[in-house]
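Engineer: give me a 3D structure for the following:
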Amino acid sequence: MSLPPGLEDALGPVAAARRIAGGDLNDAWTVELAGGGRAFVKARPGAAPDEFATEARGLAWLAEPGALRVPRVLACDERFLALEWIDAGRLDAAGEEELGRGLAALHAAGADGFGAPWPMRLGPVVLPNEPAGDWPTFYARRRLEPLAAMARDRGALSAAGAGAVLRVCERIDELAGPPEPPARLHGDLWSGNVLAGADGRPWLIDPAAHGGHREVDLAMLALFGAPGPRVLDAYAEAHPLADGHAERVALYQLLPLLVHAVLFGGGYGRSAEAAARRYV
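Structural biologist: Numbering: from 1, shown residues only. Presented below is the predicted three-dimensional model:
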């Protein structure tokens, strides 16, 4: 497949391009620019008109506090997103600690409310991001309820599983933990979206950024590639978690499990049901 139309108009002449792995949904390239430098380019036929612009806005919002590095947006339109190239490596011990401290600082930077002025996009899954007055309401109404309905309608979650999720929503005020101000979330923080640079330091990529509860980011990170103890220790030292946070991990893993049930089916629906039944 050729590079997306309009890319050279935005970046300048391309000297060479090579297809690379781009995740589950997008086509991706490493692009050598004739004027020097490299770019990472992602595109997908049929992407929503605002999809790449939403990601670009999320990256800029996460970059504002200067807590962790995010790739610079080089160009963006409805057909593609071009980012600065990052030479990959592995997180070293200092990088793991930087990730923990940086996540704590990112979350502490806060948000104007629970939600964001852009849609929550996880590939083809779109969730409402309109603000809610409190976190339990937002998590139940903007996340769990619509996802349970999508997963049930697609046959990825049984009627009993959907019922278990709805019972969690009924109890959410007592389950969600002590009130906290809105945190600035990455929103899709599995291990594959923490990129290690060649210098061993972390970068955040592929966000679904919004204001939410900080335990959501940490629960997702633990679900898909548990962070090393240095990450969590550094986080807790910088920004201690509220009492009972360990008992809420599965509650906040319901979100990514339901998203994956909608996107991929398989055993994710059963895993979501099992997580929900812990709380009902």
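
Engineer: in the stretch 101-250 of the chain, where is pLDDT below threshold?
Structural biologist: 226 (pLDDT under 70).

Engineer: tell me where it has strands.
Structural biologist: 120-122, 125-127, 183-185, 194-196, 202-204, 210-212 (DSSP state E, counting those that start in this stretch).

Engineer: columns mean neighbour count on top of these, output as TSV?
Structural biologist: Every C-beta, even on glycine, is put in place using the N, C-alpha and C of the backbone. Below are the strands of the stretch 101-250 of the chain laid out as TSV (neighbours: other Cβ atoms under 10 Å):
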stretch	mean neighbour count
strand 120-122	21
strand 125-127	17
strand 183-185	26
strand 194-196	20
strand 202-204	21
strand 210-212	27
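
Engineer: need these in CSV with distance to residue 106, can you?
Structural biologist: Compiled in CSV, these are given as follows (distance: least, Cβ to Cβ, whole Å):
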stretch, distance to residue 106
strand 120-122, 18
strand 125-127, 21
strand 183-185, 5
strand 194-196, 12
strand 202-204, 8
strand 210-212, 12
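
Engineer: the ones you listed: which one's closest to residue 150?
Structural biologist: In terms of Cβ to Cβ, the element of the strands of the stretch 101-250 of the chain nearest to residue 150 is strand 125-127, at 7.2 Å.

Engineer: which other helices and strands contact that closest one?
Structural biologist: helix 145-153, helix 249-264 (3 or more Cβ pairs under 8 Å, 6 or more residues apart in numbering; DSSP states H and E).

Engineer: contacts for it?
Structural biologist: 48, 119-120, 142-143, 146-147, 150, 259, 262-263 (Cβ atoms under 8 Å, 6 or more residues apart in numbering).

Engineer: one step back: just name the most buried of the helices and strands packed on strand 125-127.
Structural biologist: Highest mean neighbour count of the helices and strands packed on strand 125-127: helix 249-264, a mean of 23 (counted as mean count of other Cβ atoms under 10 Å).

Engineer: so which bits of the helix or strand that comes right after that helix are buried?
Structural biologist: Going down the chain from helix 249-264, the next helix or strand is helix 268-277, by DSSP states H and E. Across helix 268-277, burial judged by 16 or more other Cβ atoms under 10 Å covers 268-269, 271-273, 275-276.

Engineer: next one: stretch 161-171
Structural biologist: 161-166, 168-169.

Engineer: and which of these is nearest residue 41?
Structural biologist: residue 165 (37.5 Å).

Engineer: next up, the contacts around that closest one.
Structural biologist: 144-145, 147-148, 157, 254, 258, 272-273, 276 are the contacts of residue 165 under Cβ under 8 Å, 6+ apart.

Engineer: likewise for residue 208?
Structural biologist: Contacts of residue 208 by Cβ under 8 Å, 6+ apart are 58, 120-122, 186-188.
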